[in-house]
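Q: following is a predicted model, sequence given first.
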2 protein chains.
Amino acid sequence: MADESLTAVQFGVGPIGARVARSARARGVSFVGAVDVDPGKVGRDLADVADLDGETGATVTDDPAAALAADPDVVFHATVSAAETARPQLETILEAGANVITTCEELVYPWRDHAETAGALDAVARENGVTCLGTGVNPGFVMDALPAVLSTPMERVERIGVERVQDAGSRREPLQRKVGAGTDPDRFDAEVAAGAGHVGSPESAAMLAAAVGWDLDGIAETVEPVIADERVETDHLVVEAGDVAGVHQRTRGTVDGDERVTLDLRMAVGLDSRDAVDFTGDPDVSVTVDGGYHGDVATAAVVANRAPAVAAADPGLATMLDLPLPSFVRSA
Amino acid sequence: MADESLTAVQFGVGPIGARVARSARARGVSFVGAVDVDPGKVGRDLADVADLDGETGATVTDDPAAALAADPDVVFHATVSAAETARPQLETILEAGANVITTCEELVYPWRDHAETAGALDAVARENGVTCLGTGVNPGFVMDALPAVLSTPMERVERIGVERVQDAGSRREPLQRKVGAGTDPDRFDAEVAAGAGHVGSPESAAMLAAAVGWDLDGIAETVEPVIADERVETDHLVVEAGDVAGVHQRTRGTVDGDERVTLDLRMAVGLDSRDAVDFTGDPDVSVTVDGGYHGDVATAAVVANRAPAVAAADPGLATMLDLPLPSFVRSA
């Protein structure tokens, strides 16, 4: 259950950070500070910037130390996707003695591909008696923690396939642009693929494998365009038939060359959203989430719903595998 | 990941206990003792009684103290459904300094309806520095822990409906008899309903409510017969059209008279098995497990898969809500 007395600093008040702040506020979290580098946000009340009801009394500053001086129970960190870029920001937070939940995709399970950063953050967290958790809906839940949980009643797991289809047309504009919606297919490889790929799939594969006891010796990713069959118009852009509607990203984790984990992610305008997990094993198990978990809503909810557990956890760098069973926590 | 060095005592070697032993052995657990009151089992190797390959060297005894003298890391307890009946057996185990996982349905979440027993077991576990967990597939997973996890990406949860349909024809004979399959409908109320009801649904409702922060003020159960439309023949019995095929049990948890949690369980021969979870909230979420988790297989797997976590947990009486994320753990 949410502890109504939790105090928080929102670190990064972009689209996701603002949603996290709204979600946490709905659970009774009190904001005592906010950090953002955008001069257009500095000096304004967090409520104004993040579209919260009323005022919080927390003024956005570009000086993390000033915000952290309020000694929050937890910091919600939503700035970047790369572990090494997030690291100095998180070290500042942990050294200030605050627990932190970050949406940094690579920190959802950094122990395989970002081990040095993971070890450093773990050490700083322990030294300061606080916890650092990376989470979100993807990575952090749908393609890693959830399939791990779904395997609990299985006698044997041989292969795990996770499919996530997100209608990008229902997502925020930056995501629609990022996945390349509306781009000419000829330009996809050169201009889109490099930057359009969802970050965090190798981390999901490694985390899921670790949960079921597999040591992956290889993780390979492919990114291809999804081509629109017909014209699609969203609130933000138009995709003509034959243009790129979004991305199709496949991540394959292997043990001794044998594909054990397959994460299949399509984010494109005009798709029917769904999440599905399929296990080969004893017994085979197939689970479907009708309509899928909506990315933007769900990331904020996962972060806010984990706040009480992170505030109560043993010190160190945690993953979703380490903490008690996640769930929705009641609003205040 | 399973710790291959875990040693165990199997306490209760009936149909479920035998399955738990097989499931644990497949994960590298070494059995150092076994307990059963059946004179037909006492004196035989656990492998013989539980249909394990080879020998374990663990001889079934009716003297718990003798088995526990082997100082196991964990005891798998599968004897009874009632918390108060299980209590003295579990106290003996905990006082011997062993962690224990029990399939006792009422101990999956005893804090609401068996609070005195829960408190006593928690105290004994703490005094002896060990952990006691009640779990299984139902209660313990499908209708409580799993829906809790599925709510993690939700912004608001208003109602939770869980439906579990199990084709009793694929289950063990005692369960087919217990649900009343083949009984005359006129005799159902008098002879079946009292004993046929699945034990543990109030515990599931209370656990799920606790996870999402609801304090249920009422939990009501109804048990009705499922009547066969047509003749059904299983490996163990025949149900004529018009006879009882099994039970339909509904459990309703309320807050201020408002039904928030509905657990709908049908166990009857001739049904198509499935599990489904439906949330009303922000957003609505519907999840389906095709074909459902098979009860007998799944209970043993859940117990065996939780053994490493229980062996590593903080002392006390734990529920599935308290321990780190569950998953399949790799076989040795």
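A: Nice, I can see it. Numbering: from 1, shown residues only, chains lettered A, B, ... in the order given.

Q: C-alpha only now, for contacts and for neighbours.
A: Fine.

Q: name whatever forms a beta bridge with the residue lying closest to residue A:284 once chain neighbours are set aside.
A: Counting by Cα to Cα, 6 or more residues apart in numbering or on different chains, residue A:278 is the residue found nearest to residue A:284 once chain neighbours are left out, at 7.5 Å. Judged by DSSP bridges, the bridge partners of residue A:278 are residue A:161, residue A:286.

Q: pretty sure residue A:278 contacts residue A:285?
A: Yes. Under the criterion of Cα atoms under 8 Å, residue A:278 makes contact with residue A:285 at 5.8 Å.

Q: re earlier: mind listing what the residue nearest to residue A:284 touches?
A: A:160-162, A:284-287 (Cα atoms under 8 Å, 6 or more residues apart in numbering or on different chains).

Q: go with 10 Å
A: A:147, A:150-151, A:159-163, A:262, A:284-288, B:289-290 (Cα atoms under 10 Å, 6 or more residues apart in numbering or on different chains).

Q: likewise residue A:147?
A: Contacts of residue A:147 by Cα under 10 Å, 6+ apart are A:141, A:160-162, A:208, A:211-212, A:276-279, A:287, B:327-328.

Q: one more: residue A:325?
A: A:149, A:306, A:309, B:145-146, B:148-149, B:152, B:211, B:319-326.

Q: same check on residue A:255?
A: Contacts of residue A:255 by Cα under 10 Å, 6+ apart are A:209, A:214-219, A:261.

Q: pLDDT below threshold where in chain A?
A: A:1-4, A:191-196, A:331-332 (pLDDT under 70).

Q: before we move on, back to that, tabulate the contacts of residue A:255 (CSV), appending neighbour count, secondary structure and distance to residue B:60.
A: Formatted as CSV, the contacts of residue A:255 follow (neighbours: other Cα atoms under 10 Å in any protein chain shown; DSSP: H, G, I helix; E, B strand; the rest coil; distance: Cα to Cα, whole Å):
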residue, neighbour count, secondary structure, distance to residue B:60
A:209, 23, helix, 37
A:214, 19, coil, 34
A:215, 16, coil, 37
A:216, 22, coil, 40
A:217, 12, coil, 43
A:218, 15, strand, 45
A:219, 18, strand, 47
A:261, 25, strand, 41
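
Q: quick one: residues contacting residue A:106.
A: A:80-84, A:86, A:113-114, A:118, A:134-135, A:139-140, A:199-204.

Q: close to chain B: what parts of the stretch 101-250 of chain A are there?
A: A:136-137, A:141-142, A:145-158, A:208-214 (Cα under 10 Å from any Cα of the partner chain).

Q: buried only: go through these for me.
A: A:136-137, A:141-142, A:145-157, A:208-214 (16 or more other Cα atoms under 10 Å in any protein chain shown).

Q: packing partners of the longest helix seen in chain A?
A: Counting by DSSP state H, the longest helix found in chain A is helix A:295-312. For helix A:295-312, the helices and strands in contact under the criterion 3 or more Cα pairs under 10 Å, 6 or more residues apart in numbering or on different chains; DSSP states H and E are helix A:15-26, strand A:74-77, strand A:99-102, strand A:131-134, strand B:274-282.
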